[in-house]
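Q: Just a sequence and a predicted model for now, questions to come.
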Amino acid sequence: MSASSAAGATVYRRLLGYIRPYKLMFSLAILGMILAALTQPMFAALMKPLLDEAVVAQNPDSIKQIPLLVLGIFVIRGVAEYFSTYHMSWVGRQVIKTLRREVFAHFLMLPVRFFDRNSSGTLISQVTYNIEQVAESTTNVLTTLVRDSLTIIGLIGLMLWLNPFLSLFIFAVVPLLMLLVRLVSRYFRRYSSRIQDSMGDVTQVTEEIIQGQRVVKIFGGEEYEHRRFESVNENNRRLHMKLAKVRAASTPIMQLIAAIGISAIIYVATMPSMIRDITPGGFVAFLSAMMLVTPALKRLTNLNAPLMRGIAAGESIFSLLDEVREDAGGAVALDRARGDIEYRSVSFAYGADKGPVLKDISFSIPAGKTYAFVGRSGSGKSTLVNLLPRFYDPLAGTIQVDGNNIGDLNLRDLRRQIALVSQDVVLFNDSIARNIAYGGLHDASPDDIRDAARVAHILELIEGLPDGFDTMVGDRGVLLSGGQQQRIALARTLP
């Protein structure tokens, strides 16, 4: 087994682990698949008594029983396919829900550096597009794999029972089909991974023009953004067509190989030395089984596309879930800080190849004092402040709060002491009251929220809105000016 195949098998085993909590529903789906698979050889086997006894011999009992048996087989098949389809879909949606919950929870725990080096469009694509591909590989693929594999085994068993000699042609055809499957799998996996990356590019460009649409308009960037989107959109189309080309070529080649096998069987079976030993019903039953094996093999071959997409998506998702979480800090608890801050010989760089942003910075700020950092753009002002809540850690030196190295403090305790009003205001798609009481202030009373709004000079605006503090802001709410949004953000930071 190649390194790539071994890695793919490892990813798929990890994906199957998400099915384990739902083993009851999964077992019901497997039971349905087994019953559905058994109906195929049962139907083919009925061809022998149908021709030999009902048609040729005109046996009255067979004439009565066989139609009922055919009806019974299709009733069993219908019920079995309902059970397998519904229960496997149920398991699939649970897997999607679980993976999305884990990825979202992991986003909340990842360090700022991770988001610096990954575009938001790519990360959003992980939650939306990639996880859907994973679910398809763990549920839909399994449904076809189990049902059609059992179908093929049952049909080949029937063929061996009917005529072992003619069955040898099957064993000559199957290895050729498996070789084709292996070759096609390599292309499917390669292009599936590239398609997922291209979907991240499409999402990223779309998100950028939606978020920065004012900038695009004021600087006349519509034509440039149109060309940029057309480039990533065309790349996505081109990769999909390469995948479609491989899929389209593999199906007729497989059918041709199967047709050669069927033609050889018909030729040999109609030879004078063979035809004496085969009844019409036995020959039709054998040929029916052979014909039913072909579409089952075709469906198994077509599994490569969703399977490889799922494995490629799984690799991407698991690499994200395996990212190291943000350091939770030390064991020193900090209930309420006085506010003494001291930077001691602090140096920092965003990367070894980018050079230092801060070098040997030292200063102290006594509790209760207000300081402003002034400097040209890019001089490190924001970086200096971002080190305090440990969005980044210094490369050298220490930062102290009330005499405690912030690396020794519990990270949640440290950040609970700090309020942030950024120049890039974020209002969540919720009520004004919930925005003000966001996070650590979630237990705030209505009076606390009102007092914070009053101090931030936003109370009159809020009371003038149709629903007051219950007015929704964000994507579906009222339109607020930048200054009004800034004041709500300020109110959020007030105790």
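A: Good, I have the coordinates. Numbering: from 1, shown residues only.

Q: Counting neighbours, what do you get for K298?
A: Residues near K298, counting by other CB atoms under 10 Å, number 16. For glycine as for every other residue, the C-beta is placed from the backbone atoms N, C-alpha and C.

Q: three-state assignment of it?
A: helix (DSSP: H, G, I helix; E, B strand; the rest coil).

Q: P356 now?
A: From three-state DSSP, the assignment for P356 is coil.

Q: Please state the backbone phi and psi of the closest residue to it other than its chain neighbours?
A: Nearest residue to P356 in three dimensions, chain neighbours excluded: A349, at 4.8 Å (CB to CB, 6 or more residues apart in numbering). Main-chain torsions, A349, degrees, to the nearest 10: phi -140, psi 140.

Q: A349 contacts G380, doesn't it?
A: No. If you go by CB atoms under 8 Å, A349 and G380 don't touch, sitting 10.3 Å apart.

Q: okay, and the common contacts of these two?
A: Residues touching both A349 and G380 (CB atoms under 8 Å, 6 or more residues apart in numbering) are V357.

Q: if I look at I63, how far off is S345?
A: According to CB to CB, to the nearest Å, I63 stands 99 Å off from S345.

Q: One more: D353?
A: Separation of D353 from S345 (CB to CB) stands at 23 Å.

Q: So the two - more neighbours on which side?
A: Shown here are D353 and S345; by other CB under 10 Å, S345 has more neighbours (12 against 6).

Q: tell me which element the nearest residue to that one once chain neighbours are set aside falls in.
A: With sequence-adjacent residues excluded and distances taken as CB to CB, 6+ apart, S345 is closest to G397, at 3.9 Å. Here G397, judged by DSSP states H and E, is contained in strand 396-401.

Q: in its sheet, what does whichever helix or strand comes after that strand sit against?
A: Downstream of strand 396-401, the first helix or strand assigned by DSSP H and E is strand 404-405. According to DSSP bridges, strand 404-405 forms sheet pairs with strand 396-401 (antiparallel).

Q: related to what we said a few turns ago, please list the outside residues in contact with the strand holding G397.
A: Strand 396-401 is contacted from outside by 334, 337, 339-347, 360-362, 387-388, 405-407, 409, 414, 417, using CB under 8 Å, 6+ apart.

Q: Please check those and keep the buried ones.
A: In the contacts of strand 396-401, burial by neighbour count holds for 334, 337, 340-344, 346, 361, 387-388, 406-407, 409, 414, 417, counting by 16 or more other CB atoms under 10 Å.

Q: Among those, which are located in strands?
A: Under the assignment DSSP state E, those contribute 341-344, 346, 361 to strands.

Q: what about V357, distance to H87?
A: For V357, the distance to H87 equals 56 Å [CB to CB].

Q: my bad, should have said Y224
A: Applying CB to CB to Y224 and H87 gives a distance of 50 Å.

Q: Show me which of the two is the more surrounded one.
A: Remark: of Y224 and H87, H87 carries more neighbours, 23 against 11, as counted by other CB under 10 Å.

Q: hang on, the more buried one packs against F26?
A: Yes. With contact defined as CB under 8 Å, H87 counts as touching F26 (7.2 Å).

Q: Which element, helix or strand, includes the nearest residue to I458 once chain neighbours are set aside?
A: Excluding the flanking residues, the one nearest I458 by CB to CB, 6+ apart is R487, at 4.1 Å. Element membership of R487 [criterion: DSSP H and E] is helix 482-493.

Q: count of residues packed around S445?
A: Other residues close to S445 by other CB under 10 Å number 9.

Q: Torsion angles phi and psi at it?
A: Main-chain dihedrals, S445, degrees, to the nearest 10: phi -80, psi 160.

Q: How about R77?
A: phi -60, psi -40.

Q: Let me see the contact set for the nearest residue to it once chain neighbours are set aside.
A: Nearest non-adjacent residue to R77, counting by CB to CB, 6+ apart: T39, 4.2 Å away. Residues in contact with T39, defined by CB under 8 Å, 6+ apart, are 73-74, 76-77, 80.
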